[in-house]
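sequence? don't have it. structure:
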């Protein structure tokens with residue numbers, strides 16, 4: 001009995017510490033979608049893939065632009081003779097030649113056009129993959145959200161039934177002490193009470209699992225408790 005009391009005190013203290021660390025956050029479905037778009041790792045990954053595909057299209061298109069090559073070497077054309085207008089004070093001067101060339105691909109057998117087309121298709125696929133992933137995340141969120149709402153209603157029903165059953169057990173114990181009820185009646189209602197308490201525990205565990213899944217997808221701290229908007 002002493003160990004049982006110590007265990008009860010430990011569990012009670014643990015529940016108090018966990019409850020104090022929890023953060024309650026009530027949100028609507030639309031708020032949940034917005035948070036997923038901003039914080040979901042999966043959505044961010046597909047968004048980065050889309051951006052990379054867009055950069056690949058720009059790189060492919062750059063192959064069509066003219067390229068300018070600057071030569072650092074100089075060629076020698078010969079000497080020039082410089083003088084005043086009256087042809088006095090003449091002298092020889094070297095005439096170097098610097099070349100700047102601009103080139104553009106005129107015909108490449110359609111290779112550049114094909115690379116651009118392929119890059120655009122890959123960009124479209126990346127956009128579709130991102131949108132599909134976004135919709136999948138939303139279906140997952142809504143499913144867990146509605147399931148949690150249903151389980152919370154069930155839990156409330158079980159709590160009320162447990163409260164009523166406990167009163168019945170107290171009443172039958174009082175009647176049994178007066179010889180108005182049998183021991184079997186007490187046992188039957190006590191078993192019913194334990195069954196209800198076990199079912200409530202299972203429901204609360206399911207709610208906890210769904211809550212953890214939602215906080216993971218939404219990028220919220222683990223101690224966050226999500227409240228559904230009725």
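Looks like it came in fine. Everything quoted here is computed from the prediction, not taken from an experiment.

check contacts around residue 142.
For residue 142, the contact set (Cβ atoms under 8 Å, 6 or more residues apart in numbering) comprises residue 29. Bear in mind the C-beta positions are built from the backbone N, C-alpha and C, glycine included.

pretty sure it is in a strand, no?
No. Applying DSSP: H, G, I helix; E, B strand; the rest coil, one finds residue 142 to be helix, outside a strand.

quick one: residue 206 is in a helix?
Yes. Residue 206 sits within a helix when classified using three-state DSSP.

Work out for me the element the closest residue to it other than its chain neighbours sits within.
In space, and not counting its chain neighbours, residue 206 is closest to residue 151: 5.6 Å by Cβ to Cβ, 6 or more residues apart in numbering. Element membership for residue 151, per DSSP states H and E: helix 111-177.

where does the protein have low pLDDT?
1-21, 63-110, 180-181 (pLDDT under 70).

how about 50 then?
4, 7-14, 16-20, 68-72, 74, 76, 109 (pLDDT under 50).

what about residue 179, which SS state?
Per three-state DSSP, residue 179 ends up coil.

Let me know how buried it is, in neighbour terms.
Counted with other Cβ atoms under 10 Å, residues neighbouring residue 179 total 7.

distance of it from residue 226?
52 Å (Cβ to Cβ, to the nearest Å).

Kindly report the same for residue 192.
From residue 192 to residue 226 the distance is 32 Å (Cβ to Cβ).
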